[in-house]
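*Asks:* pasting a predicted model and its sequence here:
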Amino acid sequence: MSENVGITISNHFLLNQQLTHGATGSFTRLLQAMVLACKIIQRDVGKAGLVDVLGRVGVTNVQGEEVQKLDELANTTVKRRLSASGEVCALVSEEEADIIEIPRQYPQGNYIVHFDPLDGSSNIAANVSIGTIFSIYRRLSPSEGESTMKDALQPGARQVGAGYIIYGSSCVLVFSTGQGVNGFTLDPSIGEFLLSHPNIKTPAKGKIYSVNEGNYSFWDEGTRGYIDWVKHGHSEHGINYTSRYIGSLVADFHRNLLYGGIFLYPADFKDPLKPKGKLRLMCEANPLAYIIEQAGGLATTGTERILDVEPNYIHQRVPLIIGSPEDVMIYQDFVQGKRTYRRA
Ligand code: AHG
Ligand code: MN
Ligand code: MN
């Protein structure tokens, strides 16, 4: 066990000077603001059901989805804490149509953060694990006036940090700043995140596949062929895969990151308004793609590395296939027609 297990996240920041991006401490302060926001959301999630934070707000967001009260609480919390850090020049939330300006009373920083304040909202009322996802970029021209849309629309390969928090049986924060992936578990008795999963590496191949099979008839032929192969091609690939799908991306991703396996949200033709699938590039696919690559895995649209996708809209959707490298590469072979499978 690493001698550093159990150190606080603040100690970890200090021990890893690379977090400070030029040793100014501003990147560390930004991460500490995100950590504080997650502790507040964890508190609200933890008491959901006891106080009036469950249920719908009665409005639909830019995604065309019903906004849950916890979505709104989480969104407000992240906006408030990151703005007050004085380290951001713009924020982009899954819940809001436009780039969020930083209130004038706060200094304008050099970072832009895309975030999904609450992922897995449909699971809130059922007490299933949900989470927060964040993705950090440096602005293209530091301290040159207002940030621009170009600052907000950078490809995922230009992220300087990314992470997620799962509000589950325990509260776990996993993030990377480009030097590997570390996981921290919240000790509620002292209100500190402590290093619990140092230097996470995902297995080269797994036995888990995670996909909403209810969309099967809306997939392209390559995706259908791959899923048929996973389910029926045991003689070819030699192992029995098992299906695990929670419907909260952070929870499905975190399990597969640790155990190995593949998560798929492919493009489907169910909703003409969402021809590229359901998941968002900037606040879901890119941050998790950054983390999985740091952990030795892969993330693709099926034909393109997620981190290379050139964004043209802050709420752009992409197909997301992510996880153990050998599994993702086999999927790519099916989607690119290099492999086929017909059930006997
Ligand atoms: P969000 O709650 O932020 O809108 O995200 C929900 C996403 C993601 O968490 C999950 O993987 C996916 O929706 C599940 O979609 P289906 O219910 O269509 O399978
Ligand atoms: Mn989400
Ligand atoms: Mn969400």
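*Replies:* Looks like it arrived, so ask away. Ligands and ions are numbered 1, 2, ... in the order given.
*Asks:* keeping just the C-alphas, turn stretch 181-196 into PDB.
*Replies:* Output of stretch 181-196 as PDB, limited to C-alpha atoms (Å, rounded to 0.1, in the frame of the first residue of the first chain):
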ATOM      1  CA  VAL A 181      -5.200   9.300 -11.500                       C
ATOM      2  CA  ASN A 182      -5.800   9.400  -7.800                       C
ATOM      3  CA  GLY A 183      -8.900   8.700  -5.700                       C
ATOM      4  CA  PHE A 184      -9.900  10.300  -2.400                       C
ATOM      5  CA  THR A 185     -12.600   9.200   0.000                       C
ATOM      6  CA  LEU A 186     -14.400  11.700   2.200                       C
ATOM      7  CA  ASP A 187     -14.100  11.000   5.900                       C
ATOM      8  CA  PRO A 188     -17.300  12.700   7.100                       C
ATOM      9  CA  SER A 189     -16.100  12.600  10.800                       C
ATOM     10  CA  ILE A 190     -13.300  15.200   9.900                       C
ATOM     11  CA  GLY A 191     -14.800  16.600   6.700                       C
ATOM     12  CA  GLU A 192     -11.600  15.700   4.800                       C
ATOM     13  CA  PHE A 193     -11.000  13.800   1.500                       C
ATOM     14  CA  LEU A 194      -8.200  11.300   2.200                       C
ATOM     15  CA  LEU A 195      -6.100   9.500  -0.500                       C
ATOM     16  CA  SER A 196      -7.600   6.000  -0.800                       C
END
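*Asks:* buried stuff in that stretch?
*Replies:* When burial is assessed from 16 or more other Cβ atoms under 10 Å, stretch 181-196 yields the following buried residues: 181-186, 192-196. Yep, even glycine has a C-beta here, placed from its N, CA and C like the rest.
*Asks:* tell me which parts of the protein are close to ligand 1?
*Replies:* 65, 94, 116, 119-121, 212, 247-249, 265, 278 (Cβ under 6 Å from any ligand atom).
*Asks:* picking up where we left off before, now, which of the buried residues of stretch 181-196 sits nearest Lys150?
*Replies:* Set against Lys150, the nearest of the buried residues of stretch 181-196 by Cβ to Cβ is Val181 (28.4 Å).
*Asks:* residues touching the residue of the stretch 1-150 of the chain found nearest ligand 2, list them.
*Replies:* Proximity of the stretch 1-150 of the chain to ligand 2 (Cβ to the ion) peaks at Asp119, 3.4 Å away. Going by Cβ atoms under 8 Å, 6 or more residues apart in numbering, Asp119 touches 130-133, 164, 248-250, 284.
*Asks:* out of those residues, who's nearest Ile227?
*Replies:* Within the contacts of Asp119, the smallest distance to Ile227 is 18.4 Å, found for Leu249 (Cβ to Cβ).
*Asks:* hmm, back to that, got the buried residues of stretch 181-196 as TSV, with pLDDT and distance to Gln332 columns?
*Replies:* Output for these, formatted as TSV (pLDDT from 0 to 100; distance: Cβ to Cβ, whole Å):
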residue	pLDDT	distance to Gln332
Val181	97	23
Asn182	96	28
Gly183	97	28
Phe184	96	33
Thr185	96	34
Leu186	95	37
Glu192	93	41
Phe193	94	35
Leu194	95	38
Leu195	95	34
Ser196	96	33
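*Asks:* in strands only, show me these.
*Replies:* Among these, DSSP state E puts 181-186, 192-196 in strands.
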